[in-house]
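Asker: Sequence unavailable; structure follows:
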């Protein structure tokens, strides 16, 4: 993991995303290895539903020859584009296997999706704190940026050519929603203020900030995080077999005994991205003695797989 981090570019990695951009990315991946770019062939593949996305539909209207080229998709853009910064971190340790929520002993590589500095500056102006202060320090948010929107935890094996997305998660959206509700609730004493982190804050300003960020990010953060993850593992790391947990098998493999993660992140999200289910576990999981014991405890284990 240290070698992976060391060999990647050290400059700031910007990542831009607009609604449904994942469809453009997946179609470009398909076309990069397809023997031809016939639209009829795409309609016969697992990617056929991506052709119904409005931005893709508009592009197809210009394809009079019945073909879809990468160059056409390169020109697809939206004026409502969010600008993020990607950072890397680590999570886990062999000695903490029982509570790290990793499928096998050891550490995960973490890809973090961070908001632009303006979001942190606005939060700092309202609260006097960095935005990452709002979320728990017990999760793998960035140590380089001050406003981590979401992250993906990754396990991999370059020998087998497989990578597993352990989780995709956003603490920030959940905590902003909680803070928003607190800001709107009736308090004692000065009703224009409430206490957060031992600081008296203006209810209206905090509520307005939370409402703005939630409105901009809630509907796209999981799309953006998954797209950034696929780009990173496929383009930067070179993996062609990408696994992702199903909801039930993931709970067993990561030993989640308490509150479960949002089910939609392990059902709707992989379906949207055209993952297919498989009974075959990643080899590096099936060959690990401790992970194998957990796998045996799973009832009819399944995985999501995106192979290119």
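Answerer: Nice, I can see it. Since this is a predicted model, take the numbers as computed values, not measurements.
Asker: So which bits of stretch 255-273 are buried?
Answerer: Of all the residues in stretch 255-273, those buried under the rule 16 or more other C-beta atoms under 10 Å are 261, 265-266, 269-270, 272-273. Placement of C-beta: from N, CA and C, glycine included.
Asker: What is the lowest-pLDDT residue among the residues you listed?
Answerer: On pLDDT alone, residue 261 ranks lowest of the buried residues of stretch 255-273, at 93.
Asker: Skipping adjacent residues, who's closest to the most centrally placed residue in the chain in space?
Answerer: Centrality entry for the chain: nearest residue to the mean C-alpha point is residue 225, 2.8 Å, by C-alpha atoms, centre = their mean. Nearest residue to residue 225, sequence neighbours excluded (C-beta to C-beta, 6 or more residues apart in numbering): residue 150, at 4.4 Å.
Asker: That neighbour contacts residue 167, correct?
Answerer: No. Assessed by C-beta atoms under 8 Å, residue 150 is found out of contact with residue 167, at 10.2 Å.
Asker: For residue 66, see how far away the closest residue to residue 278 other than its chain neighbours is.
Answerer: Excluding the flanking residues, the one nearest residue 278 by C-beta to C-beta, 6+ apart is residue 305, at 4.7 Å. Noted for residue 305: a distance of 30 Å to residue 66, by C-beta to C-beta, to the nearest Å.
Asker: ok, these two, which is more surrounded?
Answerer: When residue 305 and residue 66 are compared for neighbours, residue 305 comes out ahead with 18 against 11, by other C-beta atoms under 10 Å.
Asker: that older thread, just the element for the residue nearest to residue 225, please.
Answerer: strand 148-157 (DSSP states H and E).
Asker: Give me the distance between that strand and the centre of its chain.
Answerer: Its chain's C-alpha centre and that of strand 148-157 lie 7 Å apart, by C-alpha atoms, centre = their mean, to the nearest Å.
Asker: how far is the helix or strand following that strand from where the chain is centred?
Answerer: Going down the chain from strand 148-157, the next helix or strand is strand 162-169, by DSSP H and E. Its chain's C-alpha centre and that of strand 162-169 lie 9 Å apart, by C-alpha atoms, centre = their mean.
Asker: what do you get for stretch 11-20?
Answerer: Worked out by C-alpha atoms, centre = their mean, stretch 11-20 lies 12 Å from the chain centre.
Asker: tell me which residues of that stretch are tucked away?
Answerer: Applying a neighbour-count criterion of 16+ other C-beta under 10 Å, one finds 13, 15, 17-20 buried in stretch 11-20.
Asker: quick one: strands adjacent to the helix or strand of the chain with the lowest mean pLDDT?
Answerer: Using mean pLDDT, DSSP states H and E, the weakest-scoring helix or strand in the chain turns out to be strand 193-196, at a mean of 80. Paired with strand 193-196 in the same sheet, following DSSP bridges, are strand 199-202 (antiparallel).
Asker: Show residues contacting the strand it pairs with.
Answerer: Contacts of strand 199-202 with the rest of the structure, by C-beta atoms under 8 Å, 6 or more residues apart in numbering, involve 126-129, 183, 190, 192-195.
Asker: One more: stretch 111-120?
Answerer: Residues outside stretch 111-120 that contact it (C-beta under 8 Å, 6+ apart) are 15, 83-89, 130-132, 140-142, 145-152, 154, 213, 217, 221, 224-225, 228-229, 232.
Asker: Now intersect those with the strands, please.
Answerer: Among those, DSSP state E puts 15, 83-89, 148-152, 154 in strands.
Asker: and the contacts of stretch 111-120, which are buried?
Answerer: Neighbour counting by 16+ other C-beta under 10 Å classes 15, 84-89, 131-132, 140-142, 145-152, 154, 213, 217, 221, 224-225, 228-229, 232 among the contacts of stretch 111-120 as buried.
Asker: List the residues that contact residue 249.
Answerer: Going by C-beta under 8 Å, 6+ apart, residue 249 touches 298, 301-303.
Asker: Which one (most neighbours) among the residues you listed?
Answerer: residue 303 (22 neighbours).
Asker: unless I'm mixing things up, it is touching residue 283, no?
Answerer: No. The criterion here is C-beta under 8 Å, and residue 303 misses it with residue 283 at 11.8 Å.
Asker: pLDDT weak spots in the stretch 101-250 of the chain?
Answerer: The stretch 101-250 of the chain contains residues with pLDDT under 70 at 186-190.
Asker: And the helices in it?
Answerer: Using DSSP state H, counting those that start in this stretch, the helices of the stretch 101-250 of the chain run over 117-127, 171-184, 203-217, 221-231, 247-253.
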